[in-house]
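Trainee: Provided below for reference: sequence and predicted model.
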Amino acid sequence: MSRILVDFDRCEGHGLCEQTAPEVFRLDDEGELHLTREEVAPEDERAVAAAVRVCPVAALKVRP
Amino acid sequence: MRRIVVVGGSIAALTAAESLRAGGFDGQVTVVSEEPHQPYSRVPLSKGVLAGREPAKSALLPAPGEDIEFRTGARAVRLDVRGRTVTLADGTEVPYDGLVVATGARARRLTGGSDLVVRTLDDAEALASRLATARSAIVLGGGFLGMEVATTCRALGLEVTVVDLVPPLLRLLGPWLADLAVAAARDHGIRVRVAPDGVTVVGEHRVRCGESVLEADVIVCAVGDVPNTDWLRDSGLPLDAGGGLVADACCRVAPGVVAAGDVVSREGRRTPHWTNAVEQGRAAAAGLLEGASARPYRPDPYFWTEQCGLDIKISGELPLTGPPDILAGSVNDRSALLRWRHDGGAATAVAVNHRLPVIKLKRLGAGVPAPAPART
């Protein structure tokens, strides 16, 4: 199963990933990003790819 | 509605196409993009890609799903709204039931076709190869893009002069923040030339400002963008004076036609920024699928730039008048959290070299956008 990689040095807490795939990406009250799961389930693949795409600072990747 | 065609190939177009699927549309989705490349982000083009620090392929975006047809090298040249057909440059006619216009904008040029600009991946690579052997550059235009390009040129060791008709960033940011950024530019060794009497490009290496002539190995043109709506000129769709495609609060343009991204003019202006391209891509898909019952899209005035050692993030309306409240840090150190309060209760929050999650900056500034509707 592929995995989500977050570059926390790049992540600035824009929250577009959370808007796109709230099942997987969560910002806490401090604006810090948390993953509900690191492995990408088949049913989440599309939403995760969309979240990777909309990140303004290219902080997200999916590793096969 | 069985077939939706998206014209354009950048983040607004892709977001619209994927949002159609997320919204439950199971008909055919075809994206036609003029560019020869797979979709990419323009964000790193003026920064890492131009500096040669990041390879061009680092700008590529994840490809759309396999149930979305993505055609490259397919330039739309005409739209027949009544017949619901897009005509491509090679004569192909692409019929649609629903249309998303996301053709973006192109660099405004001062001398016809030969100006060096930073808009597409090919532009950035062409300019990067010129900068690699240059010793000096003139950047025409003191907006975000011009100042970012100047910063990159300086980091590459070039002598750099920014030329504009007005002081850099003044119209965009207002005097207080523009002064801060220009002071940082001068400290960075960037020369600033304000030429109120006009600027004329005379040949490949020379620029005339009033009485004097400036010379450099490379002249870069960063004087704004022009919406790509030439192909819509005879379509009957509403264009504003600047050529932007006029859309309503749900990104709808006409029956069966929506729009997203840099091409869109809403309430009399375009907002060609990443966040808006994403938000409008989502709203356009909803506008097409849900029609009048779609939730209006709320603009999120969020802007950021990296230039001359300053990382500036802004949430709220621009330009800014008067001095700000300093919420944290120190202006002298150029590391501060600032806020301007406007009449009527709105505010603009600005972080200068101050690390703060963007969502918290938005709480201090324009506010946090409402959560997206649940996915189906």
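Mentor: Yep, that arrived.
Trainee: now the helices for the chain?
Mentor: Since no chain was named, I'll use chain A. A:16-20, A:45-54 (DSSP state H).
Trainee: wrong one, chain B
Mentor: B:11-22, B:50-51, B:121-131, B:144-155, B:170-173, B:175-187, B:274-290, B:358-364.
Trainee: May I see the buried residues of the last one?
Mentor: Buried residues in helix B:358-364, counting neighbours by 16 or more other C-beta atoms under 10 Å in any protein chain shown, are found at B:Val358, B:Ile359, B:Lys360, B:Leu361, B:Lys362, B:Leu364. To be clear about C-beta, it is placed using only N, CA and C from the backbone, and glycine gets the same treatment.
Trainee: so what secondary structure elements neighbour that helix?
Mentor: Here helix B:358-364 touches strand B:310-315, strand B:347-352, going by 3 or more C-beta pairs under 8 Å, 6 or more residues apart in numbering or on different chains; DSSP states H and E.
Trainee: Select, out of these, the one closest to chain A.
Mentor: Ranking these by their distance to chain A (criterion: C-beta to the nearest C-beta) puts strand B:310-315 first, at 7.6 Å.
Trainee: if we can go back for a sec, TSV for the helices of chain B, including mean pLDDT?
Mentor: Compiled in TSV, the helices of chain B are given as follows (pLDDT from 0 to 100):
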stretch	mean pLDDT
helix B:11-22	97
helix B:50-51	90
helix B:121-131	94
helix B:144-155	97
helix B:170-173	96
helix B:175-187	97
helix B:274-290	95
helix B:358-364	93
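Trainee: Of all the ones you listed, which one is nearest B:Pro255?
Mentor: helix B:274-290 (10.4 Å; C-beta to C-beta).
Trainee: What angle do helix B:11-22 and that closest one make with each other?
Mentor: Using axes from the mean of the first three to the mean of the last three C-alpha atoms, to 10 degrees, the inter-axis angle of helix B:274-290 relative to helix B:11-22 is 40 degrees.
Trainee: and chain B, which residues reach chain A?
Mentor: B:11, B:14-15, B:18, B:21-22, B:41, B:43-44, B:58, B:61-62, B:65, B:274-275, B:278, B:304, B:313, B:356-360, B:368-369, B:371-372, B:375 (C-beta under 8 Å from any C-beta of the partner chain).
Trainee: on that earlier part again, can you redo the helices of chain A as JSON lines with mean pLDDT and distance to A:Ser2?
Mentor: Output for these, formatted as JSON lines (pLDDT from 0 to 100; distance: least, C-beta to C-beta, whole Å):
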{"stretch": "helix A:16-20", "mean pLDDT": "94", "distance to A:Ser2": "16"}
{"stretch": "helix A:45-54", "mean pLDDT": "95", "distance to A:Ser2": "8"}
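Trainee: For chain B, what's its nearest residue on chain A.
Mentor: For chain A, C-beta to the nearest C-beta, closest residue to chain B: A:Gly31, 2.4 Å.
Trainee: Touching, that residue and B:Leu364? I think so.
Mentor: No: contact between A:Gly31 and B:Leu364 fails when scored by C-beta atoms under 8 Å: they sit 11.6 Å apart.
Trainee: would you turn the helices and strands packed on helix B:358-364 into TSV with mean neighbour count?
Mentor: Shown next, in TSV, are those (neighbours: other C-beta atoms under 10 Å in any protein chain shown):
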stretch	mean neighbour count
strand B:310-315	22
strand B:347-352	23
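Trainee: Let me have those in TSV, extended by mean pLDDT and distance to A:Arg26.
Mentor: Listed next are the helices and strands packed on helix B:358-364 as TSV, based on pLDDT from 0 to 100; distance: least, C-beta to C-beta, whole Å:
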stretch	mean pLDDT	distance to A:Arg26
strand B:310-315	97	21
strand B:347-352	98	22
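Trainee: now the ones you listed as a markdown table including distance to B:Gly224?
Mentor: Converted to a markdown table, these look like this (distance: least, C-beta to C-beta, whole Å):
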| stretch | distance to B:Gly224 |
| --- | --- |
| strand B:310-315 | 19 |
| strand B:347-352 | 22 |
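Trainee: Could I get the pLDDT score of the closest residue to B:Pro175 other than its chain neighbours?
Mentor: Excluding its sequence neighbours, the residue lying closest to B:Pro175 (C-beta to C-beta, 6 or more residues apart in numbering or on different chains) is B:Thr321, at 7.8 Å. B:Thr321 carries a pLDDT value of 94.
Trainee: Would you quantify the distance from B:Thr321 to B:Asp343?
Mentor: 10 Å (C-beta to C-beta, to the nearest Å).
Trainee: how many other residues sit next to B:Gln38?
Mentor: Residues near B:Gln38, counting by other C-beta atoms under 10 Å in any protein chain shown, number 16.
Trainee: Then the one 5 residues further on?
Mentor: Around B:Val43 there are 17 other residues, counting by other C-beta under 10 Å.
Trainee: list the contacts for it?
Mentor: By C-beta atoms under 8 Å, 6 or more residues apart in numbering or on different chains, B:Val43 lies in contact with A:Pro56, A:Val57, A:Ala58, B:Ala59, B:Trp274.
Trainee: how much space is there between the first one and B:Thr151?
Mentor: A:Pro56 sits 19 Å away from B:Thr151, going by C-beta to C-beta.
Trainee: do the same with the third one
Mentor: As for A:Ala58, its distance to B:Thr151 is 19 Å (criterion: C-beta to C-beta).
Trainee: With neighbour numbers in mind, choose between the two.
Mentor: Remark: of A:Ala58 and B:Thr151, B:Thr151 carries more neighbours, 27 against 19, as counted by other C-beta under 10 Å.
Trainee: which ones are touching that one?
Mentor: B:Ala185, B:His188, B:Ile190, B:Glu306, B:Gln307, B:Cys308.
Trainee: what's across from A:Gly27 in the sheet?
Mentor: Careful, residue A:27 is Leu; it's not Gly. Applying DSSP bridges to A:Leu27 gives these bridge partners: A:Leu33.
Trainee: Check B:Arg341 too.
Mentor: B:Ala347.
Trainee: Looks like it contacts B:Ala349 (just checking).
Mentor: No: counting by C-beta under 8 Å, B:Arg341 does not reach B:Ala349; the two are 10.1 Å apart.
Trainee: which strands and helices sit next to the one helix or strand in chain B whose mean pLDDT sits lowest?
Mentor: Ranked by mean pLDDT, DSSP states H and E, the helix or strand of chain B with the weakest confidence is helix B:50-51, at a mean of 90. On a contact count with 3+ C-beta pairs under 8 Å, 6+ apart, helix B:50-51 meets helix B:121-131, helix B:144-155.
Trainee: Since that was my last question, I'll sign off now.
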